[in-house]
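Trainee: what follows is a predicted protein model with its sequence.
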Amino acid sequence: MKSAFLDAHKRIAYFIRTLTTRHEREVDHVANIKAGIAAAFAMLLMAQLARYTGQPLLLAPLGATAALLFAQPSSPLAQPLNVMGGYFVGVCVCELSFFLLPSPTIAAAVAVGWTVVIMRGLRVTHPPAGALPILAFGSQIHGVGLFLGGFVGCVTLISMAFVVHRIPPRRVYPLPPRP
């Protein structure tokens with residue numbers, strides 16, 4: 001009886017440690033502040049571009065993209081092909097789902113699922129792109145507006161990442177091709 005209790009206690013303790021363990025490395029405070037400033041500047045730039053062009057360019061998923069590009073530039077999910085490819089897949093699947101399915105709720109849910117499947121299949125996974133159907137569901141941004149917003153946002157953020165990661169403390173971005 002006592003042994004079963006101890007085994008259950010150990011399993012619970014292990015489960016709690018699993019949930020509460022940090023898997024990210026410690027960060028350099030200067031690099032951390034640089035990432036935050038870059039993300040804020042990127043969003044201000046997107047807001048100004050949106051105001052100047054009259055296009056919906058300040059999309060919520062781009063905030064998550066900025067977090068990946070500036071804070072986690074060595075992540076495979078933050079590489080240019082993943083960012084561009086993920087948004088392209090997300091927009092295409094989103095629009096096709098909203099066109100083919102009668103209910104916007106079902107279309108958004110199906111689009112998120114298929115976006116994940118296709119991004120993974122093409123090896124261009126970029127999690128913020130999975131939010132595009134939810135964005136489209138909750139707004140009037142569709143079609144060309146969604147495509148342009150995603151495309152201009154991706155190009156702008158990737159361009160900024162190229163520049164920002166060459167400012168000390170430097171980070172390698174994008175990652176070099178694998179041999």
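Mentor: Cool, got the structure.

Trainee: give me the secondary structure label for Gly130.
Mentor: State at Gly130, reduced to three classes by DSSP: H, G, I helix; E, B strand; the rest coil: helix.

Trainee: contacts only, for it.
Mentor: 86, 90, 112, 115-116, 119 (C-beta atoms under 8 Å, 6 or more residues apart in numbering). Placement of C-beta: from N, CA and C, glycine included.

Trainee: wait, which of the residues you listed is closest to Tyr173?
Mentor: Gly86 (16.6 Å; C-beta to C-beta).

Trainee: starting at the chain centroid, how far to stretch 106-115?
Mentor: 17 Å (C-alpha atoms, centre = their mean, to the nearest Å).

Trainee: my bad, stretch 77-90
Mentor: For stretch 77-90, the distance to the chain centre is 9 Å (C-alpha atoms, centre = their mean).

Trainee: do stretch 150-160 as well
Mentor: The answer for stretch 150-160 is 12 Å, by C-alpha atoms, centre = their mean.

Trainee: residues contacting Pro80?
Mentor: Pro80 makes contacts with 158, 174, as judged by C-beta under 8 Å, 6+ apart.

Trainee: that older thread, from the contacts of Gly130, which is closest to Ala50?
Mentor: Nearest to Ala50 among these, with distances taken as C-beta to C-beta, is Gly90, at 19.1 Å.
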